[in-house]
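**Q** quick one, what's the 3D model for this:
(2 chains)
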2 protein chains.
Amino acid sequence: MRDSLVAAAFQLFLERGYEQTTVDEIVALAGVGRRSFFRYFPSKEDVVFPDHERCLAEMNDFLGKDSGNGRGSGGDADDPVARVCDAARVVLRMYAENPTFSVQRYRLTKKVPGLRTYELSVVWRYERALAEYLRGRFAGRRDGTLRADVIAAAVVAAHNNGLRSWLRSDGQSDASAEVDHALAHVQEVFGPGPAPVGPAQQPTGEPAKEPTEDDVVVVISRRGAPMWRVVQEVETALGRNPE
Amino acid sequence: MRDSLVAAAFQLFLERGYEQTTVDEIVALAGVGRRSFFRYFPSKEDVVFPDHERCLAEMNDFLGKDSGNGRGSGGDADDPVARVCDAARVVLRMYAENPTFSVQRYRLTKKVPGLRTYELSVVWRYERALAEYLRGRFAGRRDGTLRADVIAAAVVAAHNNGLRSWLRSDGQSDASAEVDHALAHVQEVFGPGPAPVGPAQQPTGEPAKEPTEDDVVVVISRRGAPMWRVVQEVETALGRNPE
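**A** Numbering: from 1, shown residues only, chains lettered A, B, ... in the order given. Take a look at the predicted model:
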């Protein structure tokens, strides 16, 4: 019944416009009572975003918020930035599951300011879920809260940049590739702290040693190397690992 | 009259609660007609955020959106990240101008979901203004749009992190210091390319030379140096300046 309400609502929104469609018309088309509508959707806006609550729950589940046992973490348990990027992909999958519906909604949301505002509040909840997770991971770290908030915002902005590219292509481009590319950018910028490297990976070819506080550290790098790689090498040489 | 409407509204919001206060009660207390209220404020929500339109206009002015002649850019004309950080400070100044009002509004907004949503749409407009500016600056650059969106989101998140610290201190802490610290974090992460440095500032004490593409670059740094400084030194040694 929930699905048929969503289908009826979108048929009417597309035919008549969102503002011009009433809940009464939606329930009449779906052949159910008004009370049934409000059992599933607190308002007309909610029927436009029927899957976000489930998606948010899934994201929190993935982040292990309730259990704290790292389930869903896969091989990224030690890299919080990779983890929140993967959590953002939960949202992408929800969109990509149903391209036609997602593209229709994208067009509708662009036209109706009230829906745009509603969507902002949904996006904000995703961002807070990611930030809360990162705050936990960065707890006790200098500027941990700040870093958590900034990374969460960056991940959401990158995800949405990739998602919008796909939506603007009318769902024709590769949604995963778009978002992977965007999230890779964030991962390059923010980390990970490099995995501990053994002697063979040392840029100088020298065995790794733990520098003391007063040591002078020398890093040698090719000028052509990408900056993120150079920064990783510097962090490694300095014995800094953000986690 | 605008100011007295805001004052009357906040007096009532604090005494009775936001939801319980009507526009009629506000205009009665302010001693003006209902039409005057709606001349200044399209809705009751707008009276809670009376300065954001002016502030947004000021931000766009600072970013030189209309003129493109770099006015307001000061010495940062060549560093887009510093420029958007300075643009975000326009918002901070609006809050810091009137600490009591800002703290009252912060408490009110936390309690009223509708105001929180309204605020999100305001924040989103600031973020879009910064992103549009950066998109212009990064035009033609690989991933320019993505980078613009991510930096804008990071700047807004950092600004709001600092702003909230100040608001939570009931306006007792140093607002500028809080936000400067938060924005410095973003600038560390995203650049700038360092300003060209002369021989005296070279970390190795050696005169600067332009490395060729195949050069191996050696950077020497004390372990105790902050990471942003090390990164600046590496970037300088590599001869990279993002803009």
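**Q** show the subsequent helix or strand relative to the helix or strand where residue A:116 lies.
**A** Per DSSP states H and E: residue A:116 is located in helix A:113-137. Scanning forward in sequence from helix A:113-137 by DSSP H and E, the next helix or strand is helix A:144-168.
**Q** circling back: run the angle between the helix holding residue A:116 and helix B:144-168 for me.
**A** 70 degrees (axes from the mean of the first three to the mean of the last three C-alpha atoms, to 10 degrees).
**Q** any part of helix A:113-137 near chain B?
**A** Yes: residues of helix A:113-137 contacting chain B under C-beta under 8 Å from any C-beta of the partner chain: A:116-118, A:120-121, A:124. Using the backbone N, CA and C atoms, a C-beta is placed for each residue, glycine as well.
**Q** got a quick ChimeraX command for the buried subset of those residues?
**A** Restricted to buried positions by 16 or more other C-beta atoms under 10 Å in any protein chain shown, the ChimeraX selection for the residues of helix A:113-137 next to chain B reads:
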select /A:117,118,120,121,124
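**Q** reformat the residues of helix A:113-137 next to chain B as CSV; add pLDDT and distance to residue A:17.
**A** As requested, the residues of helix A:113-137 next to chain B are exported to CSV (pLDDT from 0 to 100; distance: C-beta to C-beta, whole Å):
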residue, pLDDT, distance to residue A:17
A:116, 93, 15
A:117, 92, 17
A:118, 93, 16
A:120, 95, 21
A:121, 94, 22
A:124, 96, 26
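**Q** skipping adjacent residues, who's closest to residue A:24 in space?
**A** Closest residue to residue A:24 apart from its sequence neighbours, by C-beta to C-beta, 6 or more residues apart in numbering or on different chains: residue A:34 at 6.7 Å.
**Q** now do the helices in chain A.
**A** Assigned by DSSP state H, the helices in chain A fall at A:2-16, A:23-30, A:34-40, A:44-48, A:52-62, A:80-97, A:99-111, A:113-137, A:144-168, A:175-190, A:227-237.
**Q** what's in contact with the shortest one?
**A** In other words, helix A:44-48. The contact list for helix A:44-48, computed with C-beta atoms under 8 Å, 6 or more residues apart in numbering or on different chains, reads A:5-6, A:9, A:13, A:18, A:21, A:23, A:26, A:37, A:40-41, A:105, A:108-109, A:114-115, A:118.
**Q** look at residue A:208 and report its pLDDT.
**A** The per-residue pLDDT reported for residue A:208 equals 41.
**Q** sorry, slip of the keys, the one I care about is residue A:196.
**A** Note for residue A:196: predicted pLDDT of 40.
**Q** for residue A:64, same thing?
**A** On pLDDT, residue A:64 comes in at 89.
**Q** tell me the domain ranges of chain A?
**A** Domain ranges of chain A: A:1-47, A:49-190, A:199-237, per automatic domain parsing.
**Q** and the residue sitting nearest the centre point of chain A, how far from residue A:123?
**A** Nearest to the geometric centre of chain A sits residue A:88, at 2.3 Å (C-alpha atoms, centre = their mean). Relative to residue A:123, residue A:88 is positioned 11 Å away (C-beta to C-beta, to the nearest Å).
**Q** one step back: among the helices of chain A, where is the model least confident on average?
**A** Note on the helices of chain A: lowest mean pLDDT is at helix A:227-237, with a mean of 58.
**Q** ok, now which ones touch the closest residue in space to the residue nearest to the centre of chain A that isn't next to it in sequence?
**A** Leaving aside its sequence neighbours, residue A:88 sits nearest to residue A:159 (C-beta to C-beta, 6+ apart; 4.3 Å). By C-beta under 8 Å, 6+ apart, residue A:159 lies in contact with A:88-89, A:91-92, A:179, A:182-183.
**Q** please apply the same query to residue A:26.
**A** When contacts are counted by C-beta under 8 Å, 6+ apart, residue A:26 touches A:5, A:8-9, A:12, A:37, A:44, A:47.
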